[in-house]
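In: Return atomic coordinates for the entry below.
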Amino acid sequence: MEPSTDQQAARDRIATELAAAGFALPGTLTVRAYPCGKPSCRCHAEPPRLHGPYAEWTRKIGGKTVTRRLSPAELTEYQPLFDNAKKLRALLAELHDLTLEIIEADSRQEP
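Out: Residues are numbered from 1 along each chain as shown. Next up is the predicted model:
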């Protein structure tokens, strides 16, 4: 398994970007609006005017899904950490694809 010069350069670029990424929060950030349980509330009218939007951070802790509602200030503070996590996932996917490309090219060269 010998990567080409271009593949090595791509690996080095990915490694540089991974090293520069900074802190990241795991999980998923969702911004949603909800209806409440009061039948006479504005959120059940036509057209509905839902409550929110609310920012929710969902992740796994000890095998269980945990959701935390974030305040607008927390969302502003944590948004760069969610962005970093997304960037890291994209870089790792790119590294996985590059590795598969190298492995598949190597297996095609064998008799």
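In: The top helix by length along the chain - contacts with which helices or strands?
Out: Ranked by number of residues, the top helix in the chain under DSSP state H is helix 72-109. Contact here means 3 or more Cβ pairs under 8 Å, 6 or more residues apart in numbering; DSSP states H and E; on that basis helix 72-109 packs against helix 5-20, strand 28-34, strand 51-61. C-beta: built from backbone N, CA, C; applies to glycine.
In: how about the last one: buried residues?
Out: Put plainly, it is strand 51-61. 54, 55, 56, 57 (16 or more other Cβ atoms under 10 Å).
In: okay if I get those residues as TSV plus pLDDT?
Out: As requested, the buried residues of strand 51-61 are exported to TSV (pLDDT from 0 to 100):
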residue	pLDDT
54	95
55	96
56	96
57	97
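In: which one of those residues is nearest residue 88?
Out: Nearest to residue 88, judged by Cβ to Cβ, of these is residue 57 at 16.4 Å.
In: What are the neighbouring residues in contact with the closest one?
Out: 25, 27, 28, 29, 67, 68, 69, 70, 78 (Cβ atoms under 8 Å, 6 or more residues apart in numbering).
In: Counting neighbours, what do you get for residue 34?
Out: Residues lying near residue 34 (other Cβ atoms under 10 Å) number 10.
In: and the residue nearest to the spatial centre of the chain, how far is that from residue 56?
Out: Centroid-nearest residue in the chain, with Cα atoms, centre = their mean: residue 86, separated by 3.6 Å. Look at residue 86 and residue 56: by Cβ to Cβ, to the nearest Å, they are 16 Å apart.
In: Let me know the average pLDDT across the longest helix of the chain.
Out: On average, the pLDDT along helix 72-109 is 92.
In: Same question for stretch 9-18.
Out: For stretch 9-18, the per-residue pLDDT averages 95.
In: May I see the buried residues of it?
Out: 10, 11, 14.
In: Export these as CSV, with columns for distance to residue 50.
Out: Listed next are the buried residues of stretch 9-18 as CSV, based on distance: Cβ to Cβ, whole Å:
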residue, distance to residue 50
10, 45
11, 47
14, 41
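In: ok, of these, which one's closest to residue 99?
Out: residue 11 (8.6 Å).
In: so what's that closest one closest to, chain neighbours aside?
Out: Closest residue in space to residue 11, ignoring its immediate chain neighbours: residue 98 at 6.4 Å, by Cβ to Cβ, 6 or more residues apart in numbering.
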